[in-house]
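In: The following comprises the amino acid sequence and a computationally predicted model.
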Amino acid sequence: MKILSSISIIVLIVALFIISGAFYTVNETQQVIITQFGKPIGKPVTEAGLHFKLPFIQEANYFDKRFLAWDGKPNQIPTKDKRFIWVDTYARWRIADPLLFFQRLRNERIAQSRLDDILDGGTRNVIASHKLIEVVRSGLFKEDKEKGLEPIKYGRELLAKEVLKQASQKAKDLGIEILDFRFKRINYVEEVRQKVYARMIAERKRIAEQFRAEGAGEAARIQGEKEKKLKTIISEAYKTSKEIKGKADAQAARIYARAYNKDPEFYEFLKSLDILENSFNKNTVLIISKDNEFSKYLTSSH
């Protein structure tokens, strides 16, 4: 009886072991390739849930279904105009064809190594085919010509897209889709840095001088317009003042004429007083004869 119980327990354990090996689970972030004696069979399993396989004979190989990161190592690369720069890059990729990925690469560690070759090589080829200014400039702007900057055809963004295009064609044969590629950092080697800084300073000084010259020209134009308007205003004011004065003199002449016609002797008296007031001050000594025209107004009449 004890022997039968032991055998039953052993059979139960073996059955549980076989059953546990016949099922496997796949979550939302995974995809699975089933291999039999090391060779893949069937289509990739991409649906999450509980799945069946032959125990002991078949094996489940798990691969990530999410977006994965590739971080390149900084490399010293020469540009087309023989300027050496440090280029640091990164990319995002995913396993688009798990079956092909398994056949060519087996795992993510080997995939990262192959991406090093593909992306680093593509970066080197693209950088070496373009000038330094196209690598460091982010793109082409309409203001560049106005600012006097050297025109470029590509720019860093288009160069990154070119690397992505070249690398994607090679990665596709490995079951990999490269989603994005970017230049994380670009820096000059020490020999080039001082020359670049000197060139940047000279370029900015030239642009500053251009702005100063344009400002001086605009200031001269504004000053000229101001002088022109000022002279116009003064001329108009002078003309208006003369017209007013002429009208006033004419009016005064008419008043004087009417006053003279009414009492010529009184008018003559007033004019004499005006002349005396304008000709002398308190320290003036006047000596005139009795026959002088002014004397008759200065002596008392009895």
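Out: It's in.

In: Which residue ranges of the protein form helices?
Out: Under the criterion DSSP state H, helices of the chain are mapped to 2-22, 98-104, 108-128, 132-136, 143-147, 156-172, 190-262, 264-279, 295-298.

In: Against Asp120, how distant is Phe156?
Out: Small correction: residue 156 is Arg, not Phe. For Arg156, the distance to Asp120 (C-beta to C-beta, to the nearest Å) stands at 17 Å. (C-beta placed from N, C-alpha, C; glycine too.)

In: sorry, back to before: would you list the helices of the chain in a markdown table and tack on distance to Asn61 and mean neighbour count?
Out: A markdown table is the format used below for the helices of the chain (distance: least, C-beta to C-beta, whole Å; neighbours: other C-beta atoms under 10 Å):
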| stretch | distance to Asn61 | mean neighbour count |
| --- | --- | --- |
| helix 2-22 | 15 | 10 |
| helix 98-104 | 6 | 18 |
| helix 108-128 | 12 | 17 |
| helix 132-136 | 41 | 21 |
| helix 143-147 | 53 | 10 |
| helix 156-172 | 20 | 18 |
| helix 190-262 | 48 | 11 |
| helix 264-279 | 124 | 11 |
| helix 295-298 | 137 | 12 |
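
In: Mind putting these into JSON lines with mean pLDDT?
Out: Shown next, in JSON lines, are the helices of the chain (pLDDT from 0 to 100):
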{"stretch": "helix 2-22", "mean pLDDT": "60"}
{"stretch": "helix 98-104", "mean pLDDT": "92"}
{"stretch": "helix 108-128", "mean pLDDT": "93"}
{"stretch": "helix 132-136", "mean pLDDT": "84"}
{"stretch": "helix 143-147", "mean pLDDT": "52"}
{"stretch": "helix 156-172", "mean pLDDT": "92"}
{"stretch": "helix 190-262", "mean pLDDT": "83"}
{"stretch": "helix 264-279", "mean pLDDT": "68"}
{"stretch": "helix 295-298", "mean pLDDT": "60"}
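
In: so which of the ones you listed comes closest to Ile33?
Out: Of all these, helix 98-104 sits nearest to Ile33, with 4.7 Å by C-beta to C-beta.

In: Pull the residues that contact stretch 186-203.
Out: Stretch 186-203 has contacts (C-beta atoms under 8 Å, 6 or more residues apart in numbering) with 76, 83-88, 132, 135-136, 149, 156.

In: go with 6 Å
Out: With contact meaning C-beta atoms under 6 Å, 6 or more residues apart in numbering, stretch 186-203 is reached by 83-87.

In: and these, which are buried?
Out: 83, 85, 87 (16 or more other C-beta atoms under 10 Å).

In: The first one and Ile207: what is the separation?
Out: In other words, Arg83. The value you get for Arg83 to Ile207, if C-beta to C-beta is used, is 22 Å.

In: My guess is Glu177 contacts Asp97. True?
Out: No: Glu177 is beyond contact range of Asp97, at 8.4 Å (criterion: C-beta atoms under 6 Å).

In: picking that back up, reformat the helices of the chain as JSON lines; add distance to Asp71.
Out: Formatted as JSON lines, these follow (distance: least, C-beta to C-beta, whole Å):
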{"stretch": "helix 2-22", "distance to Asp71": "38"}
{"stretch": "helix 98-104", "distance to Asp71": "20"}
{"stretch": "helix 108-128", "distance to Asp71": "9"}
{"stretch": "helix 132-136", "distance to Asp71": "20"}
{"stretch": "helix 143-147", "distance to Asp71": "32"}
{"stretch": "helix 156-172", "distance to Asp71": "15"}
{"stretch": "helix 190-262", "distance to Asp71": "24"}
{"stretch": "helix 264-279", "distance to Asp71": "101"}
{"stretch": "helix 295-298", "distance to Asp71": "116"}
